[in-house]
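>>> here is the input, now give the coordinates:
(4 chains)
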Amino acid sequence: MSFPLLTATAALPAVGAIATAAVPAARRTAAKWLALVVSLATLVLAVVVLVRFDPDGARYQLTESHPWIADFGVRYDLGVDGIAAVLIALTALLIPFIVLAGWHDADPLETGSKRWRPTQGFFALILAVEAMVIISFESTDVFLFYIFFEAMLIPMYFLIGGFGDRAHEHGEEAASTQRSYAAVKFLLYNLVGGLIMLAAVIGLYVVAGNFSLTEIAQARANGSLHMATSTERWLFLGFFFAFAVKAPLWPLHTWLPNAMQESTAPVAVLITAVVDKVGTFAMLRYCLQLFPEASKWATPVILVLAVIGIIYGALLAVGQRDIKRLVAYASISHFGFIILGIFAMTSQGQSGATLYMVNHGISTAALMLVAGFLISRRGSRLIADYGGVQKVAPVLAGTFLIGGLATLSLPGLAPFVSEFLVLVGTFTRYPAIGIVATFGIVLAALYTLVLYQRTMTGPVKPEVSAMPDLRARELVVVAPLIVLLIFLGVYPKPVTDIVNPAVKQTMSDVHKTDPKPEAEAAK
Amino acid sequence: MSAAAVHSLWTTAADPITKIDAPKIEYGQLSPTLIVVGAAIVGVLIEAFVPRKSRYYAQVFVSAVALCAGFAAVVALAADGYGTTKAHIAAMGAIAVDGPSLFLQGTILLAGLVGLFTFAERRLDPAAHGNRVDSFAAQAASVPGSDSEQAAVKAGFTTTEVFPLLLFAVAGMLVFPSANDLLTLFVALEVFSLPLYLMCALARRKRLMSQEAAVKYFLLGAFASAFTLFGIALLYGYAGSVSYATIAQVVDGTVTNVDPALAGTMGNDSLLLIGAAMVVMGLLFKVGAVPFHMWTPDVYQGAPTPVTGFMAAATKVAAFGALLRLLYVVLPGMRWDWRPVMWGVSIITMLGGAIVAITQTDIKRLLAYSSIAHAGFILAGVIATSKDGVSSVLFYLAAYSFVTIGAFAVVTLVRDAGGEATHLSKWAGLGRRSPLVAAVFAVFLLAFAGIPLTSGFAGKFAVFKAAAEGGAVPLVVIGVISSAIAAFFYIRVIVLMFFSEPRPEGPTVAVPSPLTMAAIGLGVAVTLVLGVAPQYFLDLANQAGVFVR
Amino acid sequence: MNAENLIALLIAAPLLGAAVLLLGGRRLDGVGHWIGTLLSTASFVFGVILFADLLGRNAEHRTLTQHLWTWISVGSFQADVTFRLDQLSMTFVLLITGVGSLIHVYSIGYMEHDERRRRFFGYLNLFLAAMLLLVLADNYLLLYVGWEGVGLASYLLIGFWQHKPSAATAAKKAFLVNRVGDMGLSIAIMLMFTTFGTFAFGPVFSHVGDASEGKLTAIGLMLLLAACGKSAQVPLQSWLGDAMEGPTPVSALIHAATMVTAGVYLIVRSGDVFNAAPDAQLVVTVVGAVTLLFGAIVGCAKDDIKKALAGSTMSQIGYMVLAAGLGPIGYVFAIMHLVTHGFFKAGLFLGAGSVMHGMNDEVDMRKYGGLRKYMPVTFITFGLGYLAIIGFPGLSGFFSKDKIIEAAFAKGGTEGWILGACALLGAAITAFYMTRVMLMTFFGEERWRNQPTRSPQAPSAEPAAEHHGEHAEPHPHESPKVMTIPMIVLAVGSVFGGAFFSIGDRFLHWLEPVTGHSEGDSPLSAATVTGATMVCLVIGVGIAYVQYGRRPVPAVAPRGSLLTRAARRDLLQDDFNHVVLVRGGEHLTRSLVYVDHTLVDGVVNGTAAGFGGLSGRLRKLQNGYARSYAVSMFGGAALLVAATLLMRAV
Amino acid sequence: MNPVYYLYLAALLFTIGATGVLIRRNAIVVFMCIELMLNACNLAFVVFSRMHGNLDGQIIAFFTMVVAAAEVVVGLAIIVSLFRTRHSASVDDASLMKL
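Residues are numbered from 1 along each chain as shown, chains lettered A, B, ... in the order given. I've put the predicted structure just below:
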């Protein structure tokens, strides 16, 4: 058999995580470099996957299949379609930046704090998360997916609770309590989602007798596997709930602001740009493929929730006093768009949604990481503590602005393409919802520019007057992201070409076709 | 009863001795039990004749050998096919040698062995007057805080009797799940209960609580067994026999040669129903199912932690084994009567255990409630009444027992001036102080919580899967919800250990001897192996999933 | 080489400039402004070359397209990066690059003392690139990119002096209001996609026939919304006044000559759609008419010279929109007025800038007066621009505006009369407020004497401020050549442009192939209209002279009539926005934050707390008494038995 | 005479024993009540044995007595040690552990 590329892609960071954790305490820097190297190597593998993937080829490629727990009908089945390949690439792409951005986040406090912050652990956990995320993108076995979907909560939980943001207005003690609150909330919220999904997973087994995504999907397609309507709906709800929590979809979002606010910027990026994508990805792959009818049945409600999420998230972002919370709510709004695109059931919507996952990952990373640099300089997350930064640190301000413009999806930057595709895709089938969602772009401008104005413009606050501009390391983190934003903004074809066939497949799974334009229909 | 019949009784008794044919006992097939019992008796003799200094070593050696030999015997029997093809009823119908009993006996023996390691640990408590001491009272008879106790401690007495007691308990547990008539069941129950009552009272520290635990456990246990016995009586009255096979036949109505008396009682279902309910109640008591669970937290807390660990693991295994056999072999005929009842019990057990655990402040009590919740999960598997149900329960029990012993073993390590520091507040920041121990304990907690890649998840999944296939989907949903609730307090402990500031006067983590290390290490290993690659053990459980009738 | 391939260079040049200047860093500070100017001029040169090329062809072959690459392609959704250069876009290219280059030159002088001049030129180049993309795009989505690009540039330039909160706020406001318009544009594009399956100019216009009128009207109205946002038409006009916070060259280029006219371009470009949707057209004309009056009235009341001019801009664009709304009758004249307006309004703004330059950045006209002696060049160029805008016979404004008024009447029917009347009235008011500006600035006594002039909103970093001491009495002086020359050029344009275009209907014939043209049947003869216009003009100037020429202008604004006060506050339209949108929005968000915390999150935490409480109550059962445990066991046993029996019973 | 009456008696004894467990404080008495319950069971066994005409029940009764004896040994040991530490045999005093 050929070289197990997918396994390697997932295993490399896993091994790297163990290795990093094993680095002796004294050799802190070595651990950092090791983590960085591993993440870069993973990126290389991911790129290889992307290259080896043939858009016109079979639906799932680079497949691997081994028996695992025969008793549960569980196999170790891997394989990527276009969507998965792209998202794996995204994950592998972001991790090096996250590592680099978090370079000093886990350093021990030189002051006499009793806090125990093992650098090794920090980077090992990041790599562990990467490994789990990647394998959950790769797996084509529902159970295998579920296992890592759940397991990735644990390292995330320690990342949030163990390495919180050092900037806190109420001092160390309050910080640690709030942090553990956020971590617990994150874990329990997602665990509840996951456990409810577990019930559905078991139910699926009872109905289908195995966990192979491909087999079940086929059987569903050719009708050999019949599900009672009610059964299908219940199972769908079980799956969807978990994904909706992870994504997160309004009103299941409240864990996200806490988590992002309390964790360090790189971890926040890890949450929203990488881990949460698993949720939306899973909606697209599992909900639609396994339960097409139920998905269609639930579509109206989901669309409404998504639109509420878009507007609601944006409005709350406007009302935030904390930079990271603001970004969190902005993300909630964006996830609304993604889910909207997925369930619009049009090729534009779904391709747009996939593209959106990628772009949102990059843009949020850019914005959040720069915000992190800003926060680390001033030691406060409160917007009110800043002002006039533009004057003292123009480069920082500039990158921040670009990140912001990407967030408000300015044409010419990557997010615009995806957002517009989603809107069009929605509009062609649900005009009213499409129009309401369009209000999101105005609100996005509002919260972004308000944030920029309050922090960067105006008279220079004395506290920020001595603020240094971006350092080399930080520039290395931000610049590539910005370049990528612009590139994908003017030339998204590489991504769309890979994604489109997969989306076409999904569309056929749900037996949907794009609505015809009126003019043609008229003829 | 006619005079003739009475006369016949006399005459049979008056027959010449030669006419009695000796009972046929398959010693080989009973060897696991016999080995352990024998060893236990040897232990008693050691107490009597071996000088005090070397008793400890002799006892530990004998017990270890016995348990290992017993396990070897079990493996041999299984390899010989007694678990599957050659499964049959031994000892004149008293003992069933079949898959489930062998699997459970193996589990119990291993649990006993690991438990033995923790019993034999002598490095945790600071040496008293130069004598290394274990976690058992110097002299159980001496009043706590009295001069005689001081004297006993000074003299370096240790209660080495625990080892024979442990063996007796194990022996009883070995018989319990394989008992094939109600009398054997009852005797086995008492045989393993009485040593446990005693061992509960033998704590070195906190002796008042220890004694209280013993009293509660004893009184309630005896109370429960009285119910069991009455139930047995009623079943006997119903079927005219205490042998599972016969009762099953009577229940199914497939009994041959019905004499008039039997015909009379057979008609009377209330005898059957009440009797069955009472016997089951006795078993549920041992399992620790709501509402028969209330002894659990107190006893778990008061008993010496090694005993708690052993008890929590092995008792559950044995009791569930017996319950399975009773329900699957004796009472399948009245499935439609007991299943709904068991549903109810399972539900309130899962929810009750999980909910009450949320607000616990003592780690041992917390684990006690968690064990109650787990009993509920296992019951869900029992209810499935299918081969999968059996094997899933077997697997769950195996997975669970190792996690439990391991967890309690870790609890023994965290100590302060007053012995083990079991109050949760003292565990704050443990992860900062000694990351390894905290990490290990976290693994156990995650396994309890049923996080994927731990044995807990595999077990839970197996059980719920069986239940769902058995049509108990609502049960699965409730189980899922209660595991979500349960997750909350496991997480709480993890938060406490890793994310909260350590107390300045916090406890220290004692460095144990290889014994405890082995116990913990084994626990972790099994937890992860069963979590990542459970297939082999699932197969094992599958093969063992058939009862002999 | 082939002319098509030049098109991309039009955009590439300024884009390159922007990239170099913004990424170049401080080391380019010395030469930045030259690079910027050079590249914009280069673009202008390319434009001229292409123009010559077009002239070389005959009318119907004057449409060049250049396909670069496929931008987005998902299913039937196809967006290409394709440029389309025809007469219409050519006109704009020349206007944009031409005026743009002049203003670059001007800015060299104007921004001389700003340490961030390099950045300023970078932004200007960015703007040029975006604006060119806007007018050269071959499909609406690409146009949208340029559309928002100019919005971004204008955001950056309005807020160029970011340390001034007022500037930052104004910039934000401009972007937001524009976003509202953009919403219209994107919805319009979606509508086109659902209707025609495409949004490229060619296919859409050729399939207009297949679509229902309702759809077309919807599209039209959405496009109009977009136009309102960009071109500061009622009801989205509020940002333009504040936009004057930006440096004056910006006001001249973006907020007078080019960007704000993009809306007109959009409407004219989409002429085919509007032609098929009369209702939409009617709305367009109404918006235009309302805005031209609105702007004019506002312009009358402002004492801030730039704000006054801003009002005038608004009103002039109102004319254009009105014309564009008239359909084929008006398209050409809309564009023609757009071009001439580009000249004279840019000239006026530069003049105003020059005045401020000489007056310590004083913007309050009441603190001007009698400046003609001190800055003759400015006076003359400004004067010519003034004559042009009020439509003094022979100057460019005269031709373009007159045509629009005629066309308005030519619409026919009652609305024809009403629109025409509005246009005439507008002409009169224009004459009034422009005369007012003129008189207050260059005539009358020198009100700036012996009083320190620091207008509150004058920024500390306005270039002039650094070398004039603070709070010094200003000593007006003429601006350097680098500033005056562009003014002169523009003045020339505003004098002769109109005549050049109109004589022999050059402009008409040039544009007709793209926009189409039809002579409406006007109820009045051209001469009558012209006469009427002249009368209005005289009246307007007369009143202004009586008010501001004859009697001295008070240095502090009198309370004024109710209308005046309203007009000073943009006819309360801003206050409305503030109360309804800003305040309302704040309340909404604040309450939502509360809801999110108490309700949505409250449910979650509440559940947790609920279980906690339940647990606390349940554990009370565990009271430590063995006997009560026994009770529960006994009860349990009883239940068990009862249940079992019950199961059998049922 | 109908053996069923003896069953009723057995049940009655059992219930009395159980009630005693529930209401008496003194550990010894509680324990005696349990013994009473066991003996009730014995009675039941014997009665059933007679009804069915086989000896199993009677033999079980002997087993039960042995078990009961063993229980007495263990139980008294525990109770006595409790009494010696607390100088009271009241079950309710032994309630250190609760909640």
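>>> spatially nearest residue to the residue most central in space within chain C (excluding sequence neighbours)?
For chain C, the residue nearest the mean C-alpha position is C:Val260 (3.3 Å; CA atoms, centre = their mean). Of all residues not flanking C:Val260 in the chain, C:Ser231 sits nearest, at 5.1 Å (CB to CB, 6 or more residues apart in numbering or on different chains). Glycine gets a C-beta too; all of them are placed from N, C-alpha and C.
>>> what residues does chain C put near chain D?
C:Arg619, C:Lys620, C:Gln622, C:Asn623, C:Gly624, C:Tyr625, C:Ala626, C:Arg627, C:Ala630, C:Val631, C:Phe634 (CB under 8 Å from any CB of the partner chain).
>>> let's have the residues you listed in CSV, adding secondary structure.
Putting these into CSV (DSSP: H, G, I helix; E, B strand; the rest coil) gives the following:
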residue, secondary structure
C:Arg619, helix
C:Lys620, coil
C:Gln622, coil
C:Asn623, coil
C:Gly624, coil
C:Tyr625, coil
C:Ala626, helix
C:Arg627, helix
C:Ala630, helix
C:Val631, helix
C:Phe634, helix
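>>> give me the buried entries from those.
C:Arg619, C:Gln622, C:Gly624, C:Tyr625, C:Ala626, C:Arg627, C:Ala630, C:Val631, C:Phe634 (16 or more other CB atoms under 10 Å in any protein chain shown).
>>> might one say that the third one is in contact with D:Leu99?
Yes. When contacts are counted by CB atoms under 8 Å, C:Gly624 is listed as touching D:Leu99 (7.5 Å).
>>> quick one on the thing from earlier: count of residues packed around the residue nearest to C:Val260?
30 (other CB atoms under 10 Å in any protein chain shown).
>>> contacts only, for it.
Contact partners of C:Ser231, counting by CB atoms under 8 Å, 6 or more residues apart in numbering or on different chains, are C:Val260, C:Thr261, C:Ala262, C:Gly263, C:Val264, C:Ile317, C:Met320, C:Val321.
>>> and the two most separated of the buried ones among the residues of chain C next to chain D?
C:Arg619 and C:Phe634 (20.7 Å; CB to CB).
>>> how far away is the residue nearest to C:Val260 from chain A?
To chain A, C:Ser231 is 18 Å away according to CB to the nearest CB, to the nearest Å.
>>> ok, and the closest non-adjacent residue to C:Leu38?
C:Gly17 (7.8 Å).
>>> next, give phi and psi for the one you found.
With angles defined as degrees, to the nearest 10, C:Gly17 sits at phi -50, psi -50.
>>> now A:Ser263
Main-chain torsions, A:Ser263, degrees, to the nearest 10: phi -90, psi 160.
>>> does it have beta-bridge partners, and which?
Applying DSSP bridges to A:Ser263 yields these beta-bridge partners: A:Gly164.
>>> run through the residues that contact it.
A:Leu159, A:Ile160, A:Phe163, A:Gly164, A:Asp165, A:Arg179, A:Ala182, A:Ile271.
>>> still on that earlier bit, any common contacting residues for C:Gly624 and D:Leu99?
Residues touching both C:Gly624 and D:Leu99 (CB under 8 Å, 6+ apart): none.
>>> give me the neighbour count for residue 50.
You didn't pick a chain, so chain A it is. 18.
>>> my question was about chain D, not that one.
Residues near D:Arg50, counting by other CB under 10 Å: 18.
>>> equivalent analysis for B:Ile481, please.
17.
>>> again with B:Ala525
For B:Ala525, using other CB under 10 Å, the count is 12.
>>> likewise C:Phe432?
25.
>>> how near is the residue in the stretch 551-650 of chain C that chain D sits nearest to to B:Ser371?
In the stretch 551-650 of chain C, the residue that lies nearest chain D is C:Gly624 (2.9 Å; CB to the nearest CB). Distance, C:Gly624 to B:Ser371, by CB to CB, to the nearest Å: 19 Å.
>>> the strands in chain D, which residues?
Here chain D has no strands by DSSP state E.
>>> the strands in chain C, which residues?
Under DSSP E, chain C gives strands at C:64-74, C:77-85.
>>> report the angle between the shortest one and strand C:64-74.
Put plainly, it is strand C:77-85. 170 degrees (axes from the mean of the first three to the mean of the last three CA atoms, to 10 degrees).
>>> how about strand C:77-85: buried residues?
C:Phe77, C:Gln78, C:Ala79, C:Asp80, C:Val81, C:Thr82, C:Phe83, C:Arg84, C:Leu85.
>>> could I get these in a markdown table, plus columns for distance to A:Phe148 and pLDDT?
As requested, the buried residues of strand C:77-85 are exported to a markdown table (distance: CB to CB, whole Å; pLDDT from 0 to 100):
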| residue | distance to A:Phe148 | pLDDT |
| --- | --- | --- |
| C:Phe77 | 34 | 90 |
| C:Gln78 | 38 | 91 |
| C:Ala79 | 37 | 92 |
| C:Asp80 | 41 | 92 |
| C:Val81 | 41 | 93 |
| C:Thr82 | 45 | 93 |
| C:Phe83 | 48 | 93 |
| C:Arg84 | 51 | 92 |
| C:Leu85 | 55 | 91 |
